[in-house]
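> The following block contains a protein sequence and its predicted model.
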Amino acid sequence: MRRLAILFCALLLAACHSAAPPAASIDVRDAWARETAPGQTSGTAYLTIVNSGSNGDKLLSVTTPSAQMAMLHSSSNTSGVMAMRMMSNLPIPGTQTVTLAPLGTHIMLTGLTGPLHPGDRIPLTLHFAHAGARQVDAAVLAAGSSGPAR
Amino acid sequence: MPRVRIMLWVGVGLAALLAVGIALRPNAAPDTATSSPMPAFGGPFTLTASDGQPFSSAKLSGAPYAIFFGFTHCPDVCPTTLARLARLRKALGKGDEAFAIVFVSVDPERDTPADMGRYTGLFGTPVIGLTGTPAAIDGVKKQYGIYSKKVAQPGGDYAVDHTATVLLFDRAGHFAATIATDEGDAPALDKLKALTA
């Protein structure tokens, strides 16, 4: 009987272990970009990355056909002076949600192929170290917007 | 010999004129804010409006204004701040005339008047976009205590680090308050209420 219980527990553990995904579970949501003016060559996209897995991941790069370059940037405030710097990658810790939002981390788009109009959708591909490539469409919102309605 | 004497007298005359000039100087150029021992913060200035015409700071007198410095290649901080000012002016509920929103370029080499016009036109509310010669912009930055510095970006591009605090001026053109980038909307709205009371 006791041996049977041990065997049951071992089986249960094995089942739980095989059910847990080995890679991070990454979900990208609420992607949006801000409207740009004609002739404006740079824009930004924002989104939320949910890591429901226990393992950490890293966002390595972003690509889009709508711009020549998409860079991970962070805006920082030092005594009222705002500075924008490129980030080599963005860590997504396990079980954490990382939000890219105005005045913080954002995806800077340079060399836009055309102005971004409200209602447009621009495709973004996010390249993660473990989760691989994830595609998401960013909805273009009016310049006066502060983000998608939640 | 007489020529030397004439030259000396001319020298004496010039020295006397200079002395009189120095003595009269404080009265000759009175400051607009004579009651204040401090030099005035802010204008007067002349820059270029989005239609390419000269824009004198005199056009801002009579109504309060919120002034913010940035650049049109700025995709995050600048549109976020202008969108916020537009939103706050709407929330104030006193119409677009309650206070002017002024956006001055810290990147005059790239920002043409037309660029400023297209950019400020994005926010669905009147925004005065100003640029000018690099020398004129430097002068206005000094008047308003604005720091900016170009920073190289990958691909040969550059961004500009800059003071992003919004400065509020009252009807008389005197500095009244600031709205910091990381300040909540509630205190910002309180300041705008006081400014437009």
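That came through fine.

> Buried residues, stretch B:190-197. List them.
Neighbour counts over stretch B:190-197 (16 or more other Cβ atoms under 10 Å in any protein chain shown) mark B:191-192, B:195-196 as buried. From N, CA and C alone the C-beta is placed, and that goes for glycine too.

> Sorry, wrong one. I was asking about stretch A:92-109.
For stretch A:92-109, burial by neighbour count (16+ other Cβ under 10 Å) applies to A:92, A:98, A:100-103, A:105-109.

> And that stretch, end to end?
End-to-end span of stretch A:92-109 (Cα to Cα, to the nearest Å): 21 Å.

> Quickly check: it near chain B or not.
Yes: using Cβ under 8 Å from any Cβ of the partner chain, stretch A:92-109 reaches chain B at A:102-103, A:106, A:108-109.

> For the chain, which segments count as strands?
Answering for chain A, as no chain was given. A:26-34, A:42-51, A:57-63, A:67-78, A:81-86, A:90-92, A:97-99, A:105-112, A:121-128, A:132-141 (DSSP state E).

> should've been chain B
B:46-48, B:54-56, B:65-70, B:100-105, B:128-130, B:148-152, B:158-163, B:166-169, B:175-179.

> Kindly provide the distance from the residue nearest to the spatial centre of chain A to chain B.
Central residue of chain A (Cα atoms, centre = their mean): A:I49, 4.2 Å from the mean position. Applying Cβ to the nearest Cβ, to the nearest Å, the value for A:I49 to chain B is 18 Å.

> ok now do that residue, which residues does it touch?
A:I49 sits next to A:26-28, A:59, A:92, A:97-100, A:126 when contact means Cβ atoms under 8 Å, 6 or more residues apart in numbering or on different chains.

> B:D107 too?
B:71-73, B:150, B:160.

> hang on, the earlier thing: put together TSV for the buried residues of stretch A:92-109, with pLDDT on each row.
Formatted as TSV, the buried residues of stretch A:92-109 follow (pLDDT from 0 to 100):
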residue	pLDDT
A:I92	97
A:V98	98
A:L100	97
A:A101	96
A:P102	95
A:L103	94
A:T105	97
A:H106	97
A:I107	97
A:M108	95
A:L109	96
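
> Looking at those residues, which is nearest B:E109?
A:M108 (19.9 Å; Cβ to Cβ).

> Surely that closest one touches A:T41?
No: between A:M108 and A:T41 there is no contact under Cβ atoms under 8 Å: 11.1 Å.

> ok, the residue nearest to A:D27 when sequence neighbours are not counted - how many residues close by?
Of all residues not flanking A:D27 in the chain, A:V50 sits nearest, at 4.4 Å (Cβ to Cβ, 6 or more residues apart in numbering or on different chains). A:V50 is flanked by 17 other residues according to other Cβ atoms under 10 Å in any protein chain shown.
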